[in-house]
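**Q** Make a model of this:
(3 chains)
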Amino acid sequence: MRESHRIAFNVNGRRRSLDVAAHHTLLDVIRDDLELTGTKECCLVGECGACTVIVDGRVVDACLVLAVEADGAEITTVEGLAVDGDLAALQAAFLDTGAVQCGFCTPGQLIAAHALLAENPHPTIAEIQEGLAGNLCRCGCYGQITEAVRAVAGEIAP
Amino acid sequence: MRPFVYARPATLPEAVALLAAHGPDARILAGGTDLIIRLRDGSLAPAVVVDLKRIPELRAAIGEIGGRVTISAGTVMTDIAADSLVRRHFPALAEAAAVVGSVQIRNRATLAGNVCNASPAADTAPALLVYDAGIVAEGPGGSRHIRVDDFFVRSGVTTLARGELVRAIVLPLPTRRMGAVHVRRTRRRGHDLASVTLCCAVDDAGVTRIAYGSVGPRPVLRIDESGLLADPGASDAAKGALLEAMFAAASPSPRSMRASPEYRLAMLRVLGKRALATAIERLAKGE
Amino acid sequence: MSGPLRVAPVGCSPRRVGGHDRVTGFQRYAADIHLADELQARLVTIPVARARIISVDTRAARQVPGVRLVMTAADLPQPVPRFGPQFQDRPVLAVGEVKYHGEPVAAVAADSKDAAEEAARLVRVEYEELPAVFTLAAALDPAAPLVQDAALRPGDPLAGTNVLREHRVGWGDVDAATADLVVEHAYTFPIVTQFAIEPHVFMAAPDADGIAVWSSIQHPYWLQKILAGLLDLPLAKVRVLAPDPGGAFGGKQHTKYEPLVAFMARRAERPVRLVLTLEESFQAVRRAAAEVRVRTGFRTDGRLSFQDIEADYLIGAYADIADRVVGKGSYVGAGPYVTPDVRIVARSVLSHTLPSTAFRGFGNPQVNWAVESNLDEGARALGIDRLEIRLRNLAHRGDRFIPFDTPADGAWEQAVRRAAELIGWGSPLPPGRGRGIAVGIKSGPTTGLSYATVRLLADGSAVVYAGTSDMGQGARTVFAQIVSTELGVPLDWVAVVMGDTAVVSYDQQTSASRSTVLMGNAVLRACREIQAGLGAMAARLNGLDASAVIVEHGVVRLPGRELPIIDVLTPGLGPLGGELIGNGEMRKDAEPDHPLGGSAAFFEFNCTAIEAAVDEETGDVTIVRHVTVSDVGKAINPLQVRMQDEGAAIQGLGHTLMEHYVFDEAGRIRNLGAIDYRIPTSMDLPLEMQSDIIENEDGPGPYGSKGMSEGALLCVAPAVAAAVRDATGAVIRDLPLTPERVWRALRERTAR
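**A** Sure thing, here's the model as predicted:
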């Protein structure tokens, strides 16, 4: 009873078309089929945010989306943030403020922060903390991540 | 996750027919934030997963017609929390929607899914009870309206019949001025399941409505029409006895690991008192 | 910030080496690596804490299309091999009896994850549930079932009990000691888990005469040794590849399922890949719970006269490194104080719970919680300020506060005074607010052995080989900065190679905050060799005696002039090019007569001060300000130091305020997974976090550095509890300080 569905979506601006099993999540397909391993797998219950991607302009936990649901969607993963090999401002700010330690949560944090700034270019500290609360960082870089987002928002000097 | 058949009906009748045919072997997929967790942990293993998101009538929409605000089944928490109609008329529902999970969860989780799971801890349930919301169910026999207070049975169980799905949630526009608030208790400040969730509204006729969840098998609504609770001048002591009576229906499970019954009951009282004060204050300020 | 081609000397904070790949998603963690023809493995477990395995029926599982192997203990060499860093007690798969919730009974390997999952579900384990002990009281009951077969502990007088070992250390005579005030209380610390965001990953690939194993491990060389023993292979034929772990915190130090995947790969003759779920990671690693009873004797002036400490640690069914955690963690239990008489008795108590292992702080936070809290009790009873009582007792540089160990190696009072100043100690607070202050100390590595190789290539770029694991602490950056400083190489021109035992020389381990000191010194020594080579080159090129040339800080000094290194290197190497190679070794030998097998290479010292607000009705604790000050000797990279300290502080807030395992009545973990095991999010932070460092360049590491990164976690709990007490009068001796627990304590206070 293995159902397969033909789906097509744009990932980081590139058209991808593939067969997916009905019970495979968007995370499974991004990591295993598309081999975009920047999106991370951790809790698989939508708590940690390591698998955060943007689907049609909104952040979601890719572990809680069936791949087949994403048919026709516009998807951005961490690999899509840098432009022509140049780090996006947010990526650079993460490095400069010290928002990256082990780095495993970083892709999800960056995607969540990217979406937050797209919606709210000048967030308050509380808005940043609320907006990124779905992304756990066990190294405890929260303060530095907030600093990075504020730097990109122009609230503090980078 | 075990394999299943994925169905994506294009019309409401198609969806209803699928659900009617498969009964308990079919599960509805809306936001998936509960369903996919349970598919993975094996506590659910349906033969068919019915994705409702491509049905035009269910697509995300919030609109006002004939003195009611209708929230379609596909509407996610993010949209509810941000919607100007909801924020103006049902601010406590907007507050509740804004604390369901993280941003990632709120971008997927639907209000309809939240009520259909009938979790005692569902944060939107108390607000829906307070605002006297109704559920528009679509089934093999057509459409029917269920008062939300008649909808919840116990955790995971509602009065939806085989083949029925939720098409929309409707909220009658308040006929009186109201002050309302949603409050909750969690184990941390970041997103968490509520160990007590409560909504309180007072109106300018002195009616106080308090609904609370996570302290029993289903959320509970209690209404005080005496005017005492809503009276800003009444003493805490006078209100205390009345509040006690309103909270008498709480019976938290001793099995929960999130908080003991004793603590939940104590917090229910603290939250109730604080929410009442906030609701009165908001009514006075016209918020 | 560093632009391209800049020298990044020590003391500045360039971008993290490896940072670019981490922000672009290109960093390859273990789970991101796939091997050709690999099989996907899944573990088979049963939902019990303890059971006798009656039978394992694999027939249905084998029928699943794509399944290539279903392995049970019967398929392993007999007797089933056992391993462990301290005791060889853990079987590759459960033998006869499951001893903790989550212990694998079997494992399957299949062509796809789906097939492996399906097959794992179809393995039928028939078992008889047995009574389990999963609390200290139950495990220490004389009638308790024995967790470990006494036959595994020949000649051990404790073999008939669940006490694996008892550690006794002390000085003076506590029984004869007198005091003006004696304060005695018991404190508990719960089971908490590391919760690295990267779950554990294990892969093995056989080849003709050896094996390659990939693991998200901190100690690849220790793993190599264990695998060589289990597989009867020479070290040279066991290659361990250890990609940078995605967070480890001690939980990834020691061998877990690598032997299992190695045996599976050999049997299947294909690579086998096992990626644990977070739930399985929770069942693989955790910190030991503890109950600590402290009797503290004081003079009326607040001076300590004795400390009598009994600490029982609840370790798991197999020892892992837990007993070392108990021994070493309790060893400095009396704190950084000069105490005339001290007795510390610590016991490792086996139980039917998952094995506890290293976790940032390594056994110290449990005792520190008790000892520092008890010190506050004494101060209150004597009417002495809580800051003052610490300053009165604190060891000063050179004091032999532990008579048979390294003397106090820092101006610790500076850290305490700085923390007090930053928190505004003594200034008035609004009602409902309180302050707490506590100090923490941890013994650094007691032995160590690190080799480093540095190659200065013909174009002036450099490659460093260091067997440290960079799990977020930033070891790559520190080593690159040392090379940049010593050899004048721009930071972007330094490559740091780690994580492959076939390529990189031996390093004992990445633990105990050792790498900057031990590997850092090895890298520095390798640089010194290259500098000597450059000096010889410069002397030869200029017809000088080698003694007339000095090479330091990236330049070559000749009489009357100074040259960049490249200006010596290029002509010195000549037209064939080539390179200069430097090797460095840093060794800290064992001291057999020392209670820990060696004295501390350094002490990690931290002072934490907290201002907290408490909601009297709900028990909510808000950390208004969190000040953490560490004595680091010298910050080679100040930003990384800050990140480590603040990160450790937040991790400490986790076990202080919310983290703990909840067991059901049968010993199963109820809050298994991220939904009900809560850790701090970005919304659970102190309203204000301030970290500072003391730098006196008085450490044994390069440029006077000391190890750091655990210190800021050690004493968070007592500082927070003290602030809660200061704010409300509520006394709490059990962690975590959940709102419910604080609420109960507030009610008890009112009742008194």
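**Q** contacts, neighbours, all on C-alpha from now
**A** Will do.
**Q** Residue numbers of chain C in contact with chain B?
**A** Along chain C, the residues adjacent to chain B under the rule CA under 8 Å from any CA of the partner chain are C:114, C:117-118, C:617-618, C:658, C:662, C:670-671, C:675-676, C:678, C:680-684, C:738-740.
**Q** Select from those every entry located in strands.
**A** With strands defined by DSSP state E, no entry of these lies inside them.
**Q** Narrow the residues you listed to those that are buried.
**A** Among the residues of chain C next to chain B, those classed as buried by neighbour count (16 or more other CA atoms under 10 Å in any protein chain shown) are C:114, C:117-118, C:617-618, C:658, C:662, C:671, C:675-676, C:678, C:680-684, C:738-740.
**Q** My read is that C:Pro340 contacts C:Gly170, right?
**A** No - contact criterion CA atoms under 8 Å: C:Pro340 and C:Gly170 do not qualify, at 9.9 Å.
**Q** Show me which of the two is the more surrounded one.
**A** It is C:Gly170, of C:Pro340 and C:Gly170, that has more neighbours when counted by other CA atoms under 10 Å in any protein chain shown, with 22 against 19.
**Q** Check which helices and strands the host helix or strand of the more buried one sits against.
**A** Taking DSSP states H and E as the criterion, C:Gly170 maps to strand C:163-171. Contact analysis of strand C:163-171 by 3 or more CA pairs under 8 Å, 6 or more residues apart in numbering or on different chains; DSSP states H and E lists helix C:322-331, strand C:341-349 as its packing neighbours.
**Q** again, 10 Å this time
**A** Using 3 or more CA pairs under 10 Å, 6 or more residues apart in numbering or on different chains; DSSP states H and E as the contact criterion, the neighbours of strand C:163-171 among helices and strands are strand C:304-314, helix C:322-331, strand C:341-349.
**Q** After the shortest one, which helix or strand is next?
**A** What it means is strand C:341-349. On the C-terminal side of strand C:341-349, the nearest following helix or strand under DSSP H and E is helix C:364-382.
**Q** Flag every buried residue along the strand holding C:Gly170.
**A** C:Val163, C:Leu164, C:Arg165, C:Glu166, C:His167, C:Arg168, C:Val169, C:Gly170.
**Q** In terms of pLDDT, where does the first one sit?
**A** Here, the pLDDT recorded for C:Val163 equals 98.
**Q** who's in contact with it?
**A** By CA atoms under 10 Å, 6 or more residues apart in numbering or on different chains, the contact list for C:Val163 reads C:139-140, C:146-148, C:157, C:312-315, C:347-351.
**Q** near chain A, which residues of the stretch 601-750 of chain C?
**A** C:639-640, C:642-651, C:654, C:673-676, C:678-686, C:688-689 (CA under 10 Å from any CA of the partner chain).
**Q** and the residues you listed, which are buried?
**A** Neighbour counting over those (16+ other CA under 10 Å) leaves C:639-640, C:642-651, C:654, C:673-676, C:678-686, C:689 as the buried ones.
**Q** any idea how far A:Phe104 is from the spatially closest residue to C:Thr72 that is not a sequence neighbour?
**A** With sequence-adjacent residues excluded and distances taken as CA to CA, 6 or more residues apart in numbering or on different chains, C:Thr72 is closest to C:Ala106, at 4.5 Å. Applying CA to CA, to the nearest Å, the value for C:Ala106 to A:Phe104 is 30 Å.
**Q** what about those two, which has more around it?
**A** Set C:Ala106 next to A:Phe104 and count neighbours by other CA under 10 Å: A:Phe104 wins out with 33 against 26.
**Q** what about the more buried one, distance to A:Ala115?
**A** Distance of A:Phe104 to A:Ala115, given as CA to CA: 19 Å.
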